[in-house]
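**Student:** with the sequence up front, the predicted model follows.
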Amino acid sequence: MINRFIRNFLNGQHIICKRPVLEQLHANVLNLVTDQYGSFVIEHVIEHGLPEDWERIVRCLHENVPTLVTDQYGSYVIEHVIEHGRLEDRERIVRCLHENVTSLSVHKYGSRVIRSVLEHCTEQQKRSVLEQLRDIVPTLVTDKYGNYVIQHVIVHGLPEDWERIVRCLHENVPTLVTDQYGSYVIEHVIEHGRLEDRERIVRTLQGDILKTHYKSICSIIEKCLTFGTTEQKNALIDQLCADDGTGKTPLLQMMKQQFANDVVVRMVDGADSAHRDKMMFAIEEHIPALLKRQQSLKEKDGRRSRRQKEEAE
């Protein structure tokens, strides 16, 4: 409530009236910037204050970037400067981060700042950061926070950056698809990568890995079905309908898992008639349950569409 009052006061008062408040803010920047509510006030001044006000604030922030980027609320303010500040402000922040790119990329709050640099800084500004990230892909891709940094490089880096990263990923797809965080990156490549990237991933999923790890890679299979070509989808369906060596198929085993049912339903919906028949033959005993689940998903999607339409209105 207090920080909202201060922001409203700064918005509505004549500069002469709010000058004493601004002077108090300047005297307490470091205390405010790491405070849950004070950080919002500082962000407000950065975005809406006079040049002389946010210049004084940003100068103070620059002197403390290494500690602020690992603080929950301080990191939010640094992100705000990167997004709304001047070109020279971004350059100074990137220089301050240079020696700690690796450690920050696997830090809960520091990784958010690195992602902000990748998204909002110019190619020249973030080049040194990208060069360091390309050398530590194996470490980042399986890290809880680092995997999101790699996803940002894939989206916001130059082709030469994500080509080197994707090349590294392709060399390790069998282990990454079964890793909690590595699988997120593989899904991101399937969704945002090139046709040939998806093709290589689909080829890797064929064979023993699909038979052995179908439970843990359901979300990756679903991404392939959503963004893959007809040929890629058919190749996956062929593998899922093949005997896994026990007289059963991975598809039948998936039908027995509640979390995999949705994937099977979407697979049936997206298959051509020949492959749909092939799937039905493989899961014949579970067809009633599949049809019931299919109807449930349609009703769920319908409710979601109606809710989104109501919110839009």
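**Tutor:** Arrived safely, thanks for sending. Just so we're clear, the structure is a prediction, and the values are computed from it rather than from any experiment. Residues are numbered from 1 along each chain as shown.

**Student:** all strands for this protein, in order.
**Tutor:** Here the chain has no strands by DSSP state E.

**Student:** for the stretch 101-250 of the chain, what are the low-confidence residue spans?
**Tutor:** Counting by pLDDT under 70, the stretch 101-250 of the chain has low-confidence residues at 207-216.

**Student:** where along it do the helices fall?
**Tutor:** 101-105, 110-120, 123-134, 137-141, 146-156, 159-170, 173-176, 182-192, 195-205, 208-212, 218-227, 230-240, 250-255 (DSSP state H, counting those that start in this stretch).

**Student:** outside of the first one, which residues touch it?
**Tutor:** Contacts of helix 101-105 with the rest of the structure, by CB atoms under 8 Å, 6 or more residues apart in numbering, involve 69-70, 97, 110-111, 113-114, 129, 132-133, 136, 139-140, 143, 145-146, 149. Glycine gets a C-beta too; all of them are placed from N, C-alpha and C.

**Student:** buried subset of those, written for PyMOL?
**Tutor:** To isolate the buried subset of those in PyMOL, counting by 16 or more other CB atoms under 10 Å, use the following:
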select buried, resi 69+70+97+110+111+113+114+129+132+133+136+140+143+145+146+149
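
**Student:** which stretch among the helices of the stretch 101-250 of the chain comes nearest H44?
**Tutor:** helix 110-120 (18.1 Å; CB to CB).

**Student:** so which elements touch that closest one?
**Tutor:** The contact analysis (3 or more CB pairs under 8 Å, 6 or more residues apart in numbering; DSSP states H and E) places helix 110-120 against helix 72-84, helix 87-97, helix 101-105, helix 123-134, helix 146-156.

**Student:** same list (the ones you listed) but as JSON lines, adding distance to Q253.
**Tutor:** What follows is the helices and strands packed on helix 110-120, written out as JSON lines (distance: least, CB to CB, whole Å):
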{"stretch": "helix 72-84", "distance to Q253": "43"}
{"stretch": "helix 87-97", "distance to Q253": "47"}
{"stretch": "helix 101-105", "distance to Q253": "37"}
{"stretch": "helix 123-134", "distance to Q253": "38"}
{"stretch": "helix 146-156", "distance to Q253": "28"}
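
**Student:** out of those helices, which comes closest to I190?
**Tutor:** Closest of the helices and strands packed on helix 110-120 to I190 is helix 146-156, at 10.9 Å (criterion: CB to CB).

**Student:** starting at the chain centroid, how far to the closest one?
**Tutor:** Centroid displacement of helix 146-156 relative to its chain, using CA atoms, centre = their mean, to the nearest Å, is 7 Å.

**Student:** residues contacting it, please?
**Tutor:** 105-106, 111, 114-115, 118-119, 130, 133-134, 137, 139-141, 161-162, 165-166, 181-182, 184-185, 188-189, 192-193.

**Student:** return the members of those classed as buried.
**Tutor:** 105-106, 111, 114-115, 118, 130, 133-134, 137, 140-141, 161-162, 165-166, 181-182, 184-185, 188-189, 193.

**Student:** tell me the pLDDT of A260.
**Tutor:** pLDDT for A260: 71.

**Student:** pretty sure it contacts M254?
**Tutor:** Yes. Counting by CB atoms under 8 Å, M254 is a contact partner of A260 at 3.9 Å.

**Student:** residues near K300, how many?
**Tutor:** Counted with other CB atoms under 10 Å, residues neighbouring K300 total 11.

**Student:** try F40
**Tutor:** There are 18 residues near F40, going by other CB under 10 Å.

**Student:** tell me how far it lies from H98.
**Tutor:** Look at F40 and H98: by CB to CB, to the nearest Å, they are 29 Å apart.

**Student:** what do you get for G302?
**Tutor:** 51 Å.

**Student:** with H62 instead?
**Tutor:** Distance, H62 to H98, by CB to CB: 14 Å.

**Student:** higher neighbour count, the two?
**Tutor:** Taking neighbours as other CB under 10 Å, H62 and H98 compare with H62 leading, 16 against 10.
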